[in-house]
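Undergrad: Let's see this in three dimensions:
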Amino acid sequence: MNINPTLPTTPSEAGPRPAHGPLDDAELRALLWAFYGAVMQDGLLAPVFRTKLGPFPGAGWPVHIARLAGFWRAVTGSPSHYRGQPALAHRHLGIGAEHFDRWLELWQDTLNGQQRLPSTQAHTLLTLARRMRVNLQRAALHQQDDQ
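TA: Numbering: from 1, shown residues only. You can find the predicted model right below:
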């Protein structure tokens, strides 16, 4: 995986973490739309999402983006009504480690490209994505092992 040096890769490289406020809802939605726009241009990831959600940006995408905005608000400590089960949502998709590698790479690229997003928030979102990747990948691969 290609790691872009503009974002710290470990907390120790980041130095002391400055306080930051909650993500602005409009910025979060813009970030998610930009990210999934990139995902839908990717040869590895686009087929998985197209099968599940339909053509971008229509079909099931507005609901998916709204659900993910709620998820990201919840995991960053902002008010949210999200009550999903992300691990279960990633089962039965036929995805493997290479999909998660690419997902994380595109997430980092998108965070790097969001000029309005403070670097502390971008770092937090990247760190959270790296942590959740472990559980989501475990769930997706565990289901494949059971078949």
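Undergrad: Report the mean confidence score over stretch 51-63.
TA: Stretch 51-63 shows a mean pLDDT of 94.
Undergrad: end-to-end on that stretch?
TA: End-to-end distance for stretch 51-63, by C-alpha to C-alpha, to the nearest Å: 15 Å.
Undergrad: Identify the residues contacting it?
TA: With contacts defined as C-beta atoms under 8 Å, 6 or more residues apart in numbering, stretch 51-63 is touched by 33, 36-37, 40, 49-50, 64, 93. Quick note: C-beta positions are derived from backbone N, CA and C, even for glycine.
Undergrad: could you dump those residues to a markdown table with distance to F71, secondary structure and neighbour count?
TA: Formatted as a markdown table, the contacts of stretch 51-63 follow (distance: C-beta to C-beta, whole Å; DSSP: H, G, I helix; E, B strand; the rest coil; neighbours: other C-beta atoms under 10 Å):
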| residue | distance to F71 | secondary structure | neighbour count |
| --- | --- | --- | --- |
| W33 | 15 | helix | 17 |
| Y36 | 13 | helix | 22 |
| G37 | 18 | helix | 14 |
| M40 | 19 | coil | 17 |
| F49 | 16 | helix | 19 |
| R50 | 21 | helix | 14 |
| H64 | 10 | helix | 17 |
| L93 | 17 | coil | 15 |
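Undergrad: tell me which of the residues you listed is nearest to L126?
TA: Set against L126, the nearest of the contacts of stretch 51-63 by C-beta to C-beta is Y36 (16.6 Å).
Undergrad: Now the biggest helix by length in the chain: average pLDDT?
TA: The longest helix of the chain (DSSP state H) is helix 119-146. The average pLDDT within helix 119-146 is 84.
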